[in-house]
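Peer 1: 3D, please:
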Amino acid sequence: MRKPIPVGLAALIAIYFLGGMSARHEISPWPQLSAVKKIVVGEKPAAPSRYTFDDKERVIGDESKTAVTCPTQTDRTAVLLILGQSNAANYGGQRHRSDYGARVVNAFDKKCFIAASPLLGSTNTRGEYWTLLANKLIASGQNDKVILAPLAYGGSEVARWAVGGDFNPLLVDTVKQLHDSGYRITSVLWVQGEADLVFGTTAEAYRERFMSMVGTLRQHGVEAPVYISIASKCLEPSNGGFKEHIPDNAIVRAQLALSKSGHGIREGVNTDALLDGDDRYDDCHIGGLGAEKLSEAWLNLLRGNSHLASSR
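Peer 2: This next block holds a predicted model:
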């Protein structure tokens, strides 16, 4: 005959399982007890990180960066202002670093660092393909130095870059910092549009807001061509996107129209058409193969337009 479990032990077992279920499923009384603990004991300090972020989650510091004297710009120096959302920022599946030391730098806050993923000035801490592009520009003989100046925010719609948007003052500040550092921007590379497709932005609204941003650049002395990528594809709800992509959409129509509108605006890389499923590691963001394709496409585009300009 089994001995009965003492009442006290049975109560402890019940409390143990109740506490486990409460914590696992965030049901009463766990949330209340957690709140009391935070008040009495205080929040657990965050684990130390090599990265520093601003209030918009942009990477503004990285203890692993190598600071260098900012290179002097010559007629063979590319100064690239990189704007847009996650596929212009540090969301890539492969990191890259300068193959040429201080000849490829990440300019930020009037300082220069040997370029290496993630780049200061954009959100997230993964990879990017701009450093790879810079390496290719030097290897091809197109440039002898490349200055990368990124300002890109994951999930940002075009309205936030237009006059009145919260990124517009940061855009002005970035341009001013480059100017104060003695740099003349040679190309503006815009990779954005996925968020606006999800939000249902009309083609007309996209054009107006993009031109507002371009107007800001021109008002602050940026005469360089602005390359607008054809970018609207970011699939799956986990990325804030749709299950399937419709290539002919309002954002693509707006981007194509803008690229032919004059005002120093040129068509950039068509990421929607260039990249297939294997090039995006999560159906949205750029993997290693995609980075190779994009950097090569940007190289050909910038080289082609440079040759065209020099022949005029």
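Peer 1: Count the residues that sit near residue 120.
Peer 2: 24 (other CB atoms under 10 Å). For every residue, glycine as well, the C-beta is placed using N, CA and C.
Peer 1: The closest residue to it other than its chain neighbours and residue 60, how far apart?
Peer 2: With CB to CB, 6 or more residues apart in numbering as the criterion, residue 120 has its nearest non-adjacent residue at 4.0 Å, and that residue is residue 108. Using CB to CB, to the nearest Å, we find residue 108 at a distance of 7 Å from residue 60.
Peer 1: hang on, the earlier thing: what pLDDT does the model give the residue nearest to residue 120?
Peer 2: You'll see residue 108 listed with a pLDDT of 98.
Peer 1: quick one: buried residues of stretch 186-199?
Peer 2: 186-198 (16 or more other CB atoms under 10 Å).
Peer 1: Turn these into JSON lines, including secondary structure, distance to residue 262 and pLDDT.
Peer 2: Listed next are the buried residues of stretch 186-199 as JSON lines, based on DSSP: H, G, I helix; E, B strand; the rest coil; distance: CB to CB, whole Å; pLDDT from 0 to 100:
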{"residue": "186", "secondary structure": "coil", "distance to residue 262": "19", "pLDDT": "98"}
{"residue": "187", "secondary structure": "strand", "distance to residue 262": "17", "pLDDT": "98"}
{"residue": "188", "secondary structure": "strand", "distance to residue 262": "15", "pLDDT": "98"}
{"residue": "189", "secondary structure": "strand", "distance to residue 262": "19", "pLDDT": "98"}
{"residue": "190", "secondary structure": "strand", "distance to residue 262": "16", "pLDDT": "98"}
{"residue": "191", "secondary structure": "strand", "distance to residue 262": "21", "pLDDT": "98"}
{"residue": "192", "secondary structure": "coil", "distance to residue 262": "20", "pLDDT": "98"}
{"residue": "193", "secondary structure": "coil", "distance to residue 262": "20", "pLDDT": "97"}
{"residue": "194", "secondary structure": "helix", "distance to residue 262": "26", "pLDDT": "96"}
{"residue": "195", "secondary structure": "helix", "distance to residue 262": "26", "pLDDT": "96"}
{"residue": "196", "secondary structure": "helix", "distance to residue 262": "22", "pLDDT": "96"}
{"residue": "197", "secondary structure": "helix", "distance to residue 262": "25", "pLDDT": "96"}
{"residue": "198", "secondary structure": "helix", "distance to residue 262": "29", "pLDDT": "94"}
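Peer 1: Now render those as TSV, adding distance to residue 149.
Peer 2: Listed next are these as TSV, based on distance: CB to CB, whole Å:
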residue	distance to residue 149
186	11
187	11
188	10
189	10
190	13
191	14
192	16
193	21
194	22
195	22
196	23
197	27
198	27
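Peer 1: Can you name the residues in contact with the lengthiest helix in the chain?
Peer 2: Ranked by number of residues, the top helix in the chain under DSSP state H is helix 288-310. By CB atoms under 8 Å, 6 or more residues apart in numbering, the list of residues contacting helix 288-310 from outside reads 78, 92-94, 96, 127-130, 132-133, 136-137, 140, 142, 187, 189, 225, 227, 266, 268-269, 271, 274-275, 278-280, 286.
Peer 1: mind running it again at 7 Å?
Peer 2: 92-94, 129, 132-133, 136-137, 140, 142, 187, 266, 268-269, 271, 274-275, 278-280, 286 (CB atoms under 7 Å, 6 or more residues apart in numbering).
Peer 1: Roughly how far does the residue nearest the centre of the chain sit from residue 285?
Peer 2: When the chain is reduced to its mean C-alpha position, the nearest residue by CA atoms, centre = their mean turns out to be residue 89, at 1.7 Å. Using CB to CB, residue 89 is found at 10 Å from residue 285.
Peer 1: for residue 171, same thing?
Peer 2: From residue 171 to residue 285 the distance is 23 Å (CB to CB).
Peer 1: Spell out the residue ranges of the helices in the protein.
Peer 2: With helices called from DSSP H, the chain shows them at 7-25, 30-41, 130-139, 168-180, 194-199, 203-219, 250-259, 271-274, 288-310.
Peer 1: Below-threshold pLDDT in the protein: ranges please.
Peer 2: 1-43, 239, 305-312 (pLDDT under 70).
Peer 1: re earlier: would you agree the residue nearest to residue 120 is in contact with residue 118?
Peer 2: No. Contact criterion CB atoms under 7 Å: residue 108 and residue 118 do not qualify, at 11.5 Å.
Peer 1: re earlier: of residue 108 and residue 60, which one has the most company?
Peer 2: Per other CB under 10 Å, whichever of residue 108 and residue 60 has more neighbours is residue 108, with 25 against 15.
Peer 1: ok, which stretches of the stretch 1-150 of the chain are strands?
Peer 2: 51-53, 59-62, 67-68, 77-84, 104-108, 111-114, 145-152 (DSSP state E, counting those that start in this stretch).
Peer 1: okay but residue 165 is in contact with residue 159, surely?
Peer 2: Yes. In this structure residue 165 lies within contact range of residue 159 using CB under 7 Å: 5.5 Å.
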